[in-house]
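Novice: would you be able to build a 3D model of this:
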Amino acid sequence: MKNLIVILAVLAFGSILSGFFIDVSYSEKLIGFGVVGLFLVVFPLFSYYRWKDKDVRDYMLTKENLEKMRDKEGDKRKL
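Specialist: Sure, this is the predicted structure:
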């Protein structure tokens, strides 16, 4: 999965850069396809890959997590 994401990102950036530097009639389409590929394919795949084994509740501001943060802040002040 990681290799697929890297390959697609390189292809998208390559398309964008070739659209900027190569003077052809379809250079704007190259830039557009690169941007669309980046935002509609690469970023969602990357987000899924990074979050697939994580628990969302660990990152939410629940009452328990706020208490843990306050306890850690109190421990730092004592030092």
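
Novice: who are the contact partners of V6?
Specialist: If a contact means Cβ atoms under 8 Å, 6 or more residues apart in numbering, then V6 has no contacts. All C-beta spots, glycine's among them, are computed from the backbone N, C-alpha and C.

Novice: select the longest helix from this protein.
Specialist: Determined from DSSP state H, the single longest helix within the chain is helix 2-21.

Novice: how about that one: buried residues?
Specialist: Neighbour-count burial for helix 2-21 flags I5, L8, A9, L11, A12, S15, I16, G19 (criterion: 16 or more other Cβ atoms under 10 Å).

Novice: distance between it and the chain's centre?
Specialist: Relative to its chain's centre, helix 2-21 lies at 15 Å (Cα atoms, centre = their mean, to the nearest Å).

Novice: tell me the first helix or strand C-terminal of that helix.
Specialist: Proceeding N to C from helix 2-21, the next assigned helix or strand is helix 27-37, under DSSP states H and E.

Novice: hang on, the earlier thing: pLDDT added to the buried residues of helix 2-21, as CSV?
Specialist: As requested, the buried residues of helix 2-21 are arranged in CSV below (pLDDT from 0 to 100):
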residue, pLDDT
I5, 95
L8, 96
A9, 96
L11, 96
A12, 96
S15, 96
I16, 96
G19, 95
